[in-house]
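[1] my questions are about this predicted structure, shown below with the sequence.
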Amino acid sequence: MDKQVKVLQAALQERGHRLTAARQLILAVLVQCGGHISADGLAEMVREQAPSVGRMTVYRTLDLLSETGLIRPVYQGTGAAHYVLLENGHHHHLICTNCAQVQEVADCGLEELERLLSQRFDFQIQGHLVEFYGLCAACRSR
């Protein structure tokens, strides 16, 4: 089993939630698809592997994973939410406003900003999702 799946499973259990077979499969499929997928896309992939897992089970699990901070919905102009895994509590994108290309950014560098915001607003930050919008190199050269 993938290390990332094990980490997500442990995080779910640490937060007091049962690790059902359906939840295990949903987590595995989320990791398998790179952590970027719509609810409907995830439901289809899960049902291909386990026809007994219903669409509502997938939706409820997505809600649970969102509530626990393991994933977040993002809306990138498609109208439907896509869900992204929050590895280590954060996730970053560069999004081209012309061609809609989405580039993952692995480096965070926002620890100091998190600390300052936490102190200023007396707020315990548990994670973040950052999206920067602009023009990619290909669109700028056209």
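    Now that the structure is in, tell me what you want to look at.
[2] and this protein, what are its domain boundaries?
    Domains of the chain are assigned by automatic domain parsing as 3-85, 90-140.
[3] Val84 belongs to a strand?
    Yes: assessed by DSSP: H, G, I helix; E, B strand; the rest coil, Val84 belongs to a strand.
[4] now stretch 50-58 - C-alpha only, PDB.
    Once non-C-alpha atoms are left out, stretch 50-58 reads as follows in PDB (Å, rounded to 0.1, in the frame of the first residue of the first chain):
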ATOM      1  CA  ALA A  50     -16.100  -1.700  -5.900                       C
ATOM      2  CA  PRO A  51     -19.600  -1.600  -7.500                       C
ATOM      3  CA  SER A  52     -21.200  -1.900  -4.000                       C
ATOM      4  CA  VAL A  53     -19.800   1.500  -2.900                       C
ATOM      5  CA  GLY A  54     -22.600   4.100  -3.700                       C
ATOM      6  CA  ARG A  55     -22.200   7.600  -4.900                       C
ATOM      7  CA  MET A  56     -23.600   9.000  -1.600                       C
ATOM      8  CA  THR A  57     -20.900   7.100   0.300                       C
ATOM      9  CA  VAL A  58     -18.300   8.800  -1.800                       C
END
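[5] in that stretch, what's buried?
    Val53, Thr57, Val58 (16 or more other CB atoms under 10 Å). C-betas here are computed from N, CA, C, even on glycine.
[6] how about stretch 107-117?
    For stretch 107-117, by 16+ other CB under 10 Å, it's Cys108, Glu114.
[7] so for the chain, the centremost residue is which one?
    Central residue of the chain (CA atoms, centre = their mean): Val84, 1.8 Å from the mean position.
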